[in-house]
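J.: A predicted structure for the sequence below; I have some questions about it.
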Amino acid sequence: MGCSSFDNVITNPMSTTAQPSPDRGLKTRIQPLSAFSDNYIWLISNGETAVVVDPGDAVPVLDALDRFNLRLTAILLTHHHPDHVGGVQRLVDASGATVYGPATENLPVCDTAMKGGARFEDSALGIDLTVIDVPGHTAGHIAYAGSVGGTPAVFCGDTLFAAGCGRVFEGTPGQMTKSLSALAVLPPETRVFCAHEYTLSNMRWAREVEPANTELQQWQAEAIRQRDQGEPTVPSRIGQELACNPFMRTAVPSVVKSASQWAQRKLDTPVEVFAALREWKNSFR
């Protein structure tokens, strides 16, 4: 099922009636809800209303809504894969939430189509996000970038991971390189709310690419501590990704050298470097 046509500015229609009571002192929070073996569904809430991103499973969302006494008003989708959209219909049936999703992808439910430049706003939750087209993982993948509760944020689905990126299933290395470049220009303090807990495996590979990267070494030590304590390693920040993520560093000499050595040939462009890195990561164990 496709989406309906969209306006340039998308405002949650329920936000005007869901303003938090000033005397309750409610603040917007973003929290991960674990799903399947390594997915994160992002819940944005203020103690009264909530928005979720990529609910592949309805159960953890329904549990959180019940536990925190929240009313779900909107669902944001980044792409069509089942582990990101599988819970949408049940959540819509239970809440009547409006579904926003990529304009060119086949989604189980979608009320409002989104493509690059469209905006989603919810004043009650302090959400102001602009859609960025980031094809590569899927043909119509989108990300939502802007601010939530005054915090710079991007919800990027499976395009960018902490120290990694998504596999190129439907697009091309050129598209994925361009998509990552579109995220790279976000403010460095932007928090990266990706959809999977792949960080430690990504970092083991990234250390192979850049063994002398001290920032990566420090970040890896912190990520290991977080996982040992049962904590999520995400969100990361764009600045961290630019300093540590090989896929965001395809013009850095040390990354180009490693990728060329692995490919056993000279790589002349960032797209060639990305393609080699992606093949390397695909086979890394």
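T.: All right, it came through fine.
J.: contacting residues around the strand or helix carrying residue 132?
T.: Assigned by DSSP states H and E, residue 132 belongs to strand 127-133. Here strand 127-133 makes contact (Cβ atoms under 8 Å, 6 or more residues apart in numbering) with 12, 28, 44, 51, 76, 114-121, 140-149, 153-155, 179, 182-183. Just so you know, the C-beta spots here come from the backbone N, C-alpha and C atoms, and that holds for glycine as well.
J.: among those, which are in strands?
T.: Applying DSSP state E to those, the entries found in strands are 44, 51, 76, 114, 119-121, 142-148, 153-155.
J.: just the helices in the stretch 51-200 of the chain please.
T.: Taking DSSP state H, counting those that start in this stretch as the test, the helices found in the stretch 51-200 of the chain are 58-68, 82-85, 88-95, 173-184, 199-209.
J.: Now the shortest one: average pLDDT?
T.: What that stands for is helix 82-85. Helix 82-85 shows a mean pLDDT of 98.
J.: Return the list of helices and strands in contact with the helix or strand harbouring residue 274.
T.: Using DSSP H and E, residue 274 maps to helix 270-283. Applying 3 or more Cβ pairs under 8 Å, 6 or more residues apart in numbering; DSSP states H and E, we find helix 270-283 packed against helix 173-184, helix 199-209, helix 253-263.
J.: contacts for the longest one?
T.: To tie it back to what came earlier, the one meant is helix 173-184. By Cβ under 8 Å, 6+ apart, helix 173-184 touches 132-137, 141, 143, 145, 154, 156, 159-160, 165-166, 168, 171, 192, 238, 241-242, 247-248, 250, 270-271, 274-275, 278.
J.: And for the second one?
T.: Residues from elsewhere that reach helix 199-209 (Cβ under 8 Å, 6+ apart): 161-164, 213, 216-217, 219-220, 223-224, 227, 233-234, 236, 244-246, 255, 258-259, 277, 280-281, 284.
J.: Show me what residue 155 is bridged to.
T.: residue 144, residue 193 (DSSP bridges).
J.: Please look at it and residue 78 and confirm they touch.
T.: Yes. The criterion here is Cβ atoms under 8 Å, and residue 155 meets it with residue 78 at 6.7 Å.
J.: who has more neighbours, those two?
T.: When residue 155 and residue 78 are compared for neighbours, residue 78 comes out ahead with 29 against 26, by other Cβ atoms under 10 Å.
J.: Please give me every residue in contact with the more buried one.
T.: 53-54, 84, 101-102, 141-144, 155-159, 195.
J.: cutoff 7 Å now
T.: Counting by Cβ atoms under 7 Å, 6 or more residues apart in numbering, residue 78 touches 54, 84, 141, 142, 143, 155, 156, 157.
J.: got it, and residue 136?
T.: Neighbouring residues of residue 136 by Cβ under 7 Å, 6+ apart: 159, 168, 171, 175, 176, 179.
J.: For residue 120, see how far away residue 109 is.
T.: Separation of residue 109 from residue 120 (Cβ to Cβ, to the nearest Å): 16 Å.
J.: of those two, who's got more company?
T.: Between residue 109 and residue 120, counted using other Cβ under 10 Å, the more crowded position is residue 120 (24 against 19).
J.: wouldn't that one be in contact with residue 100 here?
T.: Yes. If you go by Cβ atoms under 7 Å, residue 120 and residue 100 touch, sitting 5.9 Å apart.
J.: What does the pLDDT read for the most centrally placed residue in the chain?
T.: Nearest to the mean C-alpha position of the chain, by Cα atoms, centre = their mean, lies residue 156 at 2.5 Å. pLDDT for residue 156: 98.
J.: again with residue 175
T.: With respect to pLDDT, residue 175 scores 98.
J.: Tally up the residues packed near it, please.
T.: Other residues near residue 175 number 19, with proximity taken as other Cβ under 10 Å.
J.: looking at this structure, which helix or strand is least sure?
T.: Using mean pLDDT, DSSP states H and E, strand 9-11 stands out as the lowest-scoring helix or strand of the chain, at a mean of 37.
J.: Could you list the residues in contact with stretch 32-47?
T.: Contacts of stretch 32-47 with the rest of the structure, by Cβ under 7 Å, 6+ apart, involve 20, 24, 26-31, 50-57, 60-61, 64, 68, 70, 83, 124-125, 127, 148, 155, 193, 195-198, 232, 234.
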